[in-house]
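1. What follows is a predicted protein model with its sequence.
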Amino acid sequence: MADLSGAEWRTSTRSSSNGGDCVEVADNLPGVVAVRDSKNPDGGTLRFDPQVWHGFIDLVKSTS
């Protein structure tokens, strides 16, 4: 399991500023992209292979 201690978390650019449903992404670590709930940062993370994550992002962009 990847060590996330050096993760640089950023909030989605599509998140609202009112504290609603937001995710944070850390993509600065080698070999992993981590995603967590901004309202519950200690509640766990999802971890993705960078290629899989970028494929997901490309798919979301193509359907929006």
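-> Structure's in. What do you need? None of the values given here were measured: they were computed from a predicted structure. Numbering: from 1, shown residues only.
2. Around residue 32, count how many other residues there are.
-> Residues near residue 32, counting by other CB atoms under 10 Å, number 19. The C-beta positions use only the backbone N, C-alpha and C, and glycine is treated the same way.
3. Partner strands of the helix or strand of the chain with the lowest mean pLDDT, with direction?
-> Taking mean pLDDT, DSSP states H and E as the measure, the chain has strand 10-11 as its least confident helix or strand, at a mean of 90. Strands that pair with strand 10-11, judged by DSSP bridges, come out as strand 23-26 (antiparallel).
4. Please point out which parts of the helix or strand following the partner strand sit buried.
-> Next along the chain after strand 23-26, taking DSSP states H and E as the criterion, comes strand 33-37. The neighbour-count check on strand 33-37 (16 or more other CB atoms under 10 Å) flags 33-36 as buried.
5. can you list contacts of strand 33-37?
-> For strand 33-37, contacts defined as CB atoms under 8 Å, 6 or more residues apart in numbering pick out 2, 4, 7, 9, 22-27, 43-50, 53.
6. and the residue most central in space within the chain, what does it touch?
-> Centroid-nearest residue in the chain: residue 25, 2.4 Å away (criterion: CA atoms, centre = their mean). Going by CB under 8 Å, 6+ apart, residue 25 touches 9-10, 12, 33-35.
7. That one pairs with what?
-> Bridge pairing for residue 25 - DSSP bridges - gives residue 10, residue 35.
8. And it, how far from residue 6?
-> 14 Å (CB to CB, to the nearest Å).
9. Brilliant, that's me finished.
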